[in-house]
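Visitor: For reference, the sequence and a predicted model appear below.
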Amino acid sequence: MKKIIIFTLVSLFVLAGCSSGKDKGTIVVGTTGQSYPNSYEKDGKLVGYDIEVFEKAAQKAGYKVKWVKADFSGIMGQLDSGRVDSVANAVAVTDERKDKYQFSTPYSYIGSQIVTSTKNKNINQFSDLKGKTVAGVMGSNHTQALTQFNKDKNYNMKTKTYENRESAMLDLDNHRIDGYINSSSVLSAEKNKKIKTLNL
């Protein structure tokens, strides 16, 4: 699926300029901790590009950062309700989101990718997904891309959403779904899992 997506920090506070050296308070930031290489956990600690950039920018401007972890739809809902001040989680820029959020300058471009279990010997390309069940994370732009792709190609796929990547990958491995869509960078973190990328 050759859909190019722009990833960026969402609703990032303008932290430009020199810090006065004073503690200006705490910024509450939402993230999933499941979006490799932008936000993920290593040895029980949140790490990744978005995490490190946000913390450096906040420190320079005199702020502390409090991280709040939740599923993707959860952190966006918390941003809408004001329970978090910002989101750092490789959020794709869409027209709908631009109407609601202030984005940082885009810093990466990536496409959606569909994988299946290596146990699925009869599924090797997108056309093999006709009539099959393909899943994505709830609220993600990849899931929206899947819906549009299904409509454009008239594949009659059944689409299913999950609150997080782990649940979808578990069901993929246990043959409860036939395919799973996410970004290629996130799926690269699953390289130790028994999955294969589908070709056009």
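Guide: Thanks, I have it.
Visitor: quick one: strands adjacent to the lengthiest strand in the chain?
Guide: What stands out as the longest strand in the chain, according to DSSP state E, is strand 108-117. Strand 108-117 has the following strand partners under DSSP bridges: strand 4-10 (antiparallel), strand 179-183 (antiparallel), strand 195-197 (antiparallel).
Visitor: quick one, domains of the chain?
Guide: Following automatic domain parsing, one finds the domains of the chain at 4-12+24-108, 111-197.
Visitor: thinking again about what came up before, what's the next secondary structure element after the longest strand of the chain?
Guide: The helix or strand immediately downstream of strand 108-117 is strand 133-137, counting by DSSP states H and E.
Visitor: what about dumping the CA coordinates of the next helix or strand after that next one to PDB?
Guide: The element immediately downstream of strand 133-137 (helix or strand, assigned by DSSP H and E) is helix 141-153. Included here for helix 141-153 are C-alpha records, laid out as PDB according to Å, rounded to 0.1, in the frame of the first residue of the first chain:
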ATOM      1  CA  ASN A 141      -4.500   6.900   9.700                       C
ATOM      2  CA  HIS A 142      -3.400   3.400   8.600                       C
ATOM      3  CA  THR A 143      -6.800   2.000   9.400                       C
ATOM      4  CA  GLN A 144      -8.400   4.800   7.400                       C
ATOM      5  CA  ALA A 145      -6.000   4.100   4.500                       C
ATOM      6  CA  LEU A 146      -7.100   0.400   4.700                       C
ATOM      7  CA  THR A 147     -10.800   1.300   4.500                       C
ATOM      8  CA  GLN A 148     -10.100   3.600   1.500                       C
ATOM      9  CA  PHE A 149      -8.000   0.900  -0.200                       C
ATOM     10  CA  ASN A 150     -10.700  -1.700   0.300                       C
ATOM     11  CA  LYS A 151     -13.300   0.600  -1.200                       C
ATOM     12  CA  ASP A 152     -11.100   1.600  -4.200                       C
ATOM     13  CA  LYS A 153     -10.100  -2.000  -5.000                       C
END
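Visitor: Residues in contact with the next helix-or-strand element following helix 141-153: which ones?
Guide: Next in sequence after helix 141-153, counting helices and strands by DSSP H and E, comes strand 158-162. Residues from elsewhere that reach strand 158-162 (C-beta atoms under 8 Å, 6 or more residues apart in numbering): 131-139, 143, 146-147, 150, 168, 171, 177. For every residue, glycine as well, the C-beta is placed using N, CA and C.
Visitor: thinking again about what came up before, do me a favour and average the pLDDT over the longest strand of the chain.
Guide: Along strand 108-117, the predicted local confidence has a mean pLDDT of 87.
Visitor: Identify each buried residue in that strand, please.
Guide: When neighbours are counted by 16 or more other C-beta atoms under 10 Å, the buried residues of strand 108-117 are found to be 110, 112, 113, 114, 115, 116, 117.
Visitor: same check, this time on stretch 125-135
Guide: For stretch 125-135, the buried set under the neighbour-count rule, 16+ other C-beta under 10 Å, comprises 126, 128, 129, 132, 133, 134, 135.
Visitor: burial count for the closest residue to the last one other than its chain neighbours?
Guide: Spelled out, that is residue 135. Counting by C-beta to C-beta, 6 or more residues apart in numbering, the nearest residue to residue 135 once its immediate chain neighbours are dropped is residue 160, at 4.2 Å. Other residues near residue 160 come to 19 when the count uses other C-beta atoms under 10 Å.
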